[in-house]
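# no sequence on this one, just coordinates:
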């Protein structure tokens, strides 16, 4: 276990979205993973979360695989293998670990058909690219970067109209998706319900990131298309285990019950500045006797995980400037502690971003800091 004081909520290097402990408790022993308790016979592992996802999204059907790249890969392999798929040049992105959209498309058997330009693509570009070999249109979230200035990107309804006119499906890789309201500081482009309502036939997004569940890929959309994907040989290779299903189901249940605060990512995103300042003040008071200068300063906290690139939340950080050692040495000692504590350095100060530290861990952070300075 590691304590994250970096301010990056979904930190790829630190396990991505933090999951509540109770989310996994149900799957530690025997469970009804593929057993229908009412009927007394074998059931489907899809049933546990599919009904909840359909109810929450309005989709006809749902399928969960092991991550969002797998979701897009399965969608392309199951629907567009051997056929052309138009995609904007501005969406041929590289995601973490050097995985590139063109490579994923090639591996799926779909034939990439570039349309538009880097900064400006129109619905008419897709329309002109469709031919007898076109099997789908793909729209991809621009993960980890954003284009500013002279730019144009067709909306989901615009592309849905093109797809409908040619009787081919529109696959929308949303990247991040959630069923709860985001903080006002973030642009609301992570709603799978809206994407489906605006005409997307399939929507893919990550189960972690702004949803705050385990890392997995969620596919929502038309029943006939999702059924085809569920029967594809790759679906077996990409399916998730009971731990992932239990964590996702628990996360979805929290949203359904109006208990979003039980989802750590939601709680972190919605932490208020006054509350963060209060916690920072209490921590500074508790550490007033240590051999260092302490102060409270504003911070900028990103969502992380490629979600909402260029957008940040205003936050609060406790800044510590040690007297007897460098900031780098203090950070090293904190990482080597009984419970590793990962902070950041700015202007020779060690910053502890309160947003990504659970309130229940404030005292533990103070203890670890005191021990590192005394060592």
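Happy to help now that I have it. Bear in mind that the values here come from a model prediction, so they are computed numbers and not experimental data.

# Surely residue 100 is in contact with residue 107?
No. Residue 100 lies out of contact with residue 107 (Cβ atoms under 8 Å); the separation is 10.3 Å. Where C-beta positions appear, they are placed from N, C-alpha and C, glycine not excepted.

# Quick check: nearest residue in space to residue 369, chain neighbours excluded?
Excluding the flanking residues, the one nearest residue 369 by Cβ to Cβ, 6 or more residues apart in numbering is residue 287, at 6.6 Å.

# OK, contacts around the one you found?
294, 320, 366, 369-370 (Cβ atoms under 8 Å, 6 or more residues apart in numbering).

# and with 7 Å instead?
Counting by Cβ atoms under 7 Å, 6 or more residues apart in numbering, residue 287 makes contact with 294, 366, 369-370.

# can you check residue 114 too?
Going by Cβ under 7 Å, 6+ apart, residue 114 touches 87, 89.

# Is it bridged to anything, and to what?
On the basis of DSSP bridges, residue 114 is bridged to residue 87.

# Okay, now stretch 157-174: how far is its last residue from its first?
Taking Cα to Cα, to the nearest Å, stretch 157-174 runs 14 Å from one end to the other.

# Distance check, the residue nearest to residue 369 against residue 317.
Separation of residue 287 from residue 317 (Cβ to Cβ, to the nearest Å): 14 Å.

# before we move on, what about residue 257?
Counting by Cβ to Cβ, the gap from residue 257 to residue 317 is 33 Å.

# Neighbour count: those two, which is higher?
Comparing residue 257 with residue 317 by neighbour count (other Cβ atoms under 10 Å), the higher total belongs to residue 317, at 27 against 9.

# List the contacts of the more buried one.
Shown in contact with residue 317 (Cβ under 7 Å, 6+ apart): 7, 297, 299, 351-354.

# Wait, a strand at it?
Yes. Using DSSP: H, G, I helix; E, B strand; the rest coil, the assignment for residue 317 is a strand.

# Report the beta-bridge partner residues of it.
Beta-bridge partners, per DSSP bridges, of residue 317: residue 297, residue 353.

# Poorly predicted segments of the protein, please.
96-98, 144 (pLDDT under 70).

# which residues of it fall in helices?
22-25, 47-57, 68-79, 101-108, 123-129, 156-165, 192-197, 223-230, 233-237, 242-256, 264-269, 273-286, 327-335, 362-374 (DSSP state H).

# Tabulate the ones you listed (TSV), appending distance to residue 15.
Formatted as TSV, these follow (distance: least, Cβ to Cβ, whole Å):
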stretch	distance to residue 15
helix 22-25	13
helix 47-57	21
helix 68-79	17
helix 101-108	24
helix 123-129	38
helix 156-165	32
helix 192-197	24
helix 223-230	28
helix 233-237	24
helix 242-256	12
helix 264-269	11
helix 273-286	22
helix 327-335	15
helix 362-374	17
